[in-house]
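Visitor: Got a sequence here, can you build the structure:
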Amino acid sequence: MADRPTAVLAMGADEVAAVLPPDIRARLAELTNLAPGALTGALTTPDARSALADAHLLISGWGCPPLTEEVLDSAPRLQVVIHAAGSVKSLVTSAVWKRDIIVSSASDANAGPVVDYTLAAIVFAAKRALPTAASYATGWPAFTEREGADGRTIGVIGASRIGRRVIARLNATDHGHRVLLHDPYVTEADARALGAELVDLDTLCRTSSIITVHAPQLPETRHLLNATLLAFIPDGGTVVNTARGSLIDTAALGRECATGRLDAYLDVTDPEPLPAGHPLLSLPNVLVTPHVAGAQGSEVRRLGAYAVDEVVRFLRGDPLLGRLTDAELPRLA
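Guide: Residues are numbered from 1 along each chain as shown. Sure, this is the predicted structure:
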């Protein structure tokens, strides 16, 4: 149909079927002139250039190459990039902003599973499930030795999309937690509105029995939790990281966990993956998972559904819920 915009898919071959299963893809095809197939490799091949020449909308995903000047020269009609995944830092270049192309991300859809993972880790951490499970082999723990999940002080580093949702979920429970927040871009009033107390990082580490990390990966956030700050965390404390591995000094955390003083739940590490035989992989009070907190398996269709909803909003002229700007991109994951 000539009055409908042309949409082109660009993502890894394995991702297409998972992110856009038949029902979601059919809905997209009803809204647009959906180009047949998908661009699953380089965007500079003759076939890719031909497809991009007519594209008004690009639905990207994991595995999509960067949108460089050369790529965008082949897409003179492109108006919007809707990323059916989380971070767009490896995708969006300065050439995108120069052309005033709208960029949207399905980070909100990806956030839900990460929040669920984080909350589960916090509950396990509050009960000290890992060290208790490790000691089970030597005998059933006495009732007086067991930890409870209520009334903990929980430190949240970063009021990101995920950090804010974690705070909201913590406050929605009846556990009676005290929630502390460290984020240099948040005011005390903003923190109160979120349901948290704004504190400096030293105070957060000295006061919190559980710390969960949700800050972006930036040069200034590398080893944000360094050896000094990790040492401030009270004995029996736990570190949860679902953000980026580089935010924590891995070696320093390993030393603290090896003594049994701290526990850790790590979905991300530095390096990633950890090399075989790394101490963190065998410590009984540390759980390392291979970057699974975000949308996986049956959850991945949420990203495609979100992207198609964004297409609907774009066609109606409504604001895109996942729209990103050049100015805010550096502070995002």
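
Visitor: going forward, measure contacts and count neighbours with C-alpha atoms only.
Guide: Fine.

Visitor: thinking D202 is in contact with I233, fair?
Guide: No. Using C-alpha atoms under 8 Å, D202 makes no contact with I233, being 9.2 Å away.

Visitor: Neighbour count for the two, which is higher?
Guide: With neighbours defined as other C-alpha atoms under 10 Å, D202 and I233 compare such that I233 has more, 24 against 15.

Visitor: distance of that one from V8?
Guide: With the distance defined as C-alpha to C-alpha, to the nearest Å, I233 ends up 49 Å from V8.

Visitor: Now do the strands for the stretch 151-300 of the chain: every range, in order, please.
Guide: With DSSP state E, counting those that start in this stretch, the ranges of strands along the stretch 151-300 of the chain come out as 153-157, 178-182, 197-198, 210-213, 238-241, 263-266, 286-288.

Visitor: Where do the helices of the stretch 51-200 of the chain begin and end?
Guide: Along the stretch 51-200 of the chain, counting by DSSP state H, counting those that start in this stretch, helices occupy 69-73, 94-98, 107-126, 129-135, 161-172, 188-194.

Visitor: May I see the buried residues of the last one?
Guide: The one in question is helix 188-194. Neighbour counts over helix 188-194 (16 or more other C-alpha atoms under 10 Å) mark 191, 194 as buried.

Visitor: helices or strands up against it?
Guide: For helix 188-194, the elements it packs on are helix 161-172, strand 197-198, judged by 3 or more C-alpha pairs under 8 Å, 6 or more residues apart in numbering; DSSP states H and E.

Visitor: So for the longest one, mean pLDDT?
Guide: Read that as helix 161-172. Mean pLDDT, helix 161-172: 96.

Visitor: How is the protein divided into domains?
Guide: Using automatic domain parsing, the domain parsing of the chain gives 6-105+300-331, 109-288.

Visitor: so can I have CSV of the ones you listed showing distance to G294?
Guide: Putting these into CSV (distance: least, C-alpha to C-alpha, whole Å) gives the following:
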stretch, distance to G294
domain 6-105+300-331, 9
domain 109-288, 5
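
Visitor: Of all the helices of the stretch 51-200 of the chain, which one comes closest to R255?
Guide: In terms of C-alpha to C-alpha, the element of the helices of the stretch 51-200 of the chain nearest to R255 is helix 129-135, at 16.0 Å.

Visitor: How about D183, nearest residue that isn't a chain neighbour?
Guide: Counting by C-alpha to C-alpha, 6 or more residues apart in numbering, G158 is the residue found nearest to D183 once chain neighbours are left out, at 5.0 Å.

Visitor: can you check A215 too?
Guide: A215 sits nearest to G158 (C-alpha to C-alpha, 6+ apart), 4.4 Å away.

Visitor: Any idea how many residues pack against the one you found?
Guide: For G158, using other C-alpha under 10 Å, the count is 21.

Visitor: can you pull the contacts of it?
Guide: 181-183, 213-216 (C-alpha atoms under 8 Å, 6 or more residues apart in numbering).

Visitor: Which of these ranks first by neighbour count?
Guide: L181 (30 neighbours).

Visitor: Tell me how far it lies from G237.
Guide: For L181 relative to G237 (C-alpha to C-alpha), the value is 17 Å.

Visitor: same thing with K89?
Guide: From K89 to G237 the distance is 33 Å (C-alpha to C-alpha).

Visitor: Then A51?
Guide: Using C-alpha to C-alpha, A51 is found at 53 Å from G237.

Visitor: try V199
Guide: Look at V199 and G237: by C-alpha to C-alpha, they are 18 Å apart.

Visitor: Compare the two and say which is more crowded by neighbours.
Guide: G237 (24 against 18).

Visitor: Look up the closest residue to that one, ignoring the ones flanking it.
Guide: In space, G237 is closest to S209, 4.5 Å off (C-alpha to C-alpha, 6+ apart).

Visitor: Pull the contacting residues for the one you found.
Guide: 152-155, 233-234, 236-238.

Visitor: Let's see that with 10 Å instead.
Guide: Applying C-alpha atoms under 10 Å, 6 or more residues apart in numbering, one finds that S209 lies in contact with 125-126, 152-155, 233-239, 262.
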